[in-house]
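A.B. asks: What shape does this take:
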Amino acid sequence: QVQLVESGGGLVQAGGSLRLSCAVSGRSFSRYSMGWLRQAPGKEREFVAGISVSGSTDYADSVKGRFTISRDNAKNTVYLQMNSLKPEDTANYYCAATYLVFSATPREYDYWGQGTQVAVSA
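C.D. replies: Predicted structure coming up:
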């Protein structure tokens, strides 16, 4: 069984930064591609950033140049550094794992965390 636990969310002013962490239990972390997805109230869950087993990354257009995803296989942890935050980044952020090489499609993720709330004030 794989468990994912997010942390690092909070309230920040526009232009500020936050760093989200996702700790993953289990022995196969290095075999998963990892993703960060978010869901704002009244909206569908959307892809934010992903990182493959080899370390390749992909980002939603809305966060390119502001967010950075990384992973530390020794610590079974994936991170999302969020800079220049905007009010429209306000959402519940989820960490997820997939056996696929890469995915920007929420339904293709196999395991999910509980989420961490990010709120950006204007």
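
A.B. asks: can you pull up the bridge partners for the residue nearest the centre of the chain?
C.D. replies: With distances taken as C-alpha atoms, centre = their mean, W36 lies nearest the centre of the chain, 2.1 Å away. For W36, the beta-bridge assignment (DSSP bridges) gives partners A49, C95.

A.B. asks: right, and it touches A49 too?
C.D. replies: Yes. Using C-beta atoms under 8 Å, W36 is in contact with A49, at 4.9 Å. All C-beta atoms are positioned from the backbone trio N, CA, C, and that covers glycine.

A.B. asks: re the thing from before, so what's the residue nearest to the centre of the chain up against?
C.D. replies: For W36, the contact set (C-beta atoms under 8 Å, 6 or more residues apart in numbering) comprises 20, 22, 48-50, 67, 69, 78, 80, 93-96.

A.B. asks: repeat that with 6 Å
C.D. replies: Contact partners of W36, counting by C-beta atoms under 6 Å, 6 or more residues apart in numbering, are V48, A49, L80.

A.B. asks: how near is G50 to R71?
C.D. replies: Distance, G50 to R71, using C-beta to C-beta, to the nearest Å: 10 Å.

A.B. asks: next one: Q114
C.D. replies: Distance from Q114 to R71, by C-beta to C-beta: 19 Å.

A.B. asks: before we move on, what about R27?
C.D. replies: Relative to R71, R27 is positioned 15 Å away (C-beta to C-beta).
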